[in-house]
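S.K.: Below is the structure, and that's it, no one-letter string:
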């Protein structure tokens, strides 16, 4: 399965753009932005978007009645597996939707179910600290470059995400 890619310099939220694309009739796609003004995380929390990091949302139609909890676990496992190919550090999943290295958050994944014209869609927003991380009081954060010394190329990572979601589509379809 091939996803249509939409590239932006700046958006409020990649998940918001994904919803607009769904309303325009797109069945699947990937929204990529260099910056988000109003990135969001689980439970309405703000996702701090620093330049140089990866902000994407992948969306597609789902037909299965699968719980959001199970989708969240599947999405965390998919991203964890992708990242493990780039570096061999232990990545842990912090419930419900964060990925950690050395007990510090470097990735957040936000799932949203949306309906349009009797069709059900999953939007998976991924915020990944590649080269910078915010300083959040009482919440340790990090980035991949600091933890591994590896600077991952965004386009290569996006292609890897697309390939993995294409191959794992049966988990959701």
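M.R.: Great, that's in hand. On a predicted model such as this, the values are computed, not experimentally measured, just so you know. Numbering: from 1, shown residues only.
S.K.: hey, which helix is longest across this structure?
M.R.: Using DSSP state H, we find that the single longest helix of the chain is helix 68-84.
S.K.: What residues of it count as buried?
M.R.: 71, 72, 74, 75, 76, 78, 79, 82, 83 (16 or more other C-beta atoms under 10 Å). To be clear about C-beta, it is placed using only N, CA and C from the backbone, and glycine gets the same treatment.
S.K.: same question, stretch 3-11
M.R.: For stretch 3-11, the buried set under the neighbour-count rule, 16+ other C-beta under 10 Å, comprises 3, 6, 11.
S.K.: Show me the helices in the chain, by range?
M.R.: 14-23, 68-84, 144-148, 154-167.
S.K.: Save these as TSV, and put in distance to residue 133 and mean pLDDT too.
M.R.: Shown next, in TSV, are those (distance: least, C-beta to C-beta, whole Å; pLDDT from 0 to 100):
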stretch	distance to residue 133	mean pLDDT
helix 14-23	19	96
helix 68-84	15	90
helix 144-148	7	95
helix 154-167	16	92
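S.K.: Which one of the ones you listed lies nearest to residue 94?
M.R.: Closest of the helices of the chain to residue 94 is helix 68-84, at 9.1 Å (criterion: C-beta to C-beta).
S.K.: what's the angle from that closest one to helix 154-167?
M.R.: Going by axes from the mean of the first three to the mean of the last three C-alpha atoms, to 10 degrees, helix 68-84 is angled at 130 degrees with respect to helix 154-167.
S.K.: other SSEs contacting helix 68-84?
M.R.: The contact analysis (3 or more C-beta pairs under 8 Å, 6 or more residues apart in numbering; DSSP states H and E) places helix 68-84 against strand 91-94, strand 98-101, strand 104-116, strand 119-128, helix 154-167.
S.K.: highest average neighbour count across these?
M.R.: strand 119-128 (a mean of 22; mean count of other C-beta atoms under 10 Å).
S.K.: and that strand, what does it pack onto?
M.R.: Counting contacts by 3+ C-beta pairs under 8 Å, 6+ apart, strand 119-128 packs against helix 14-23, strand 54-62, helix 68-84, strand 104-116.
S.K.: Thanks again, I'm all set now.
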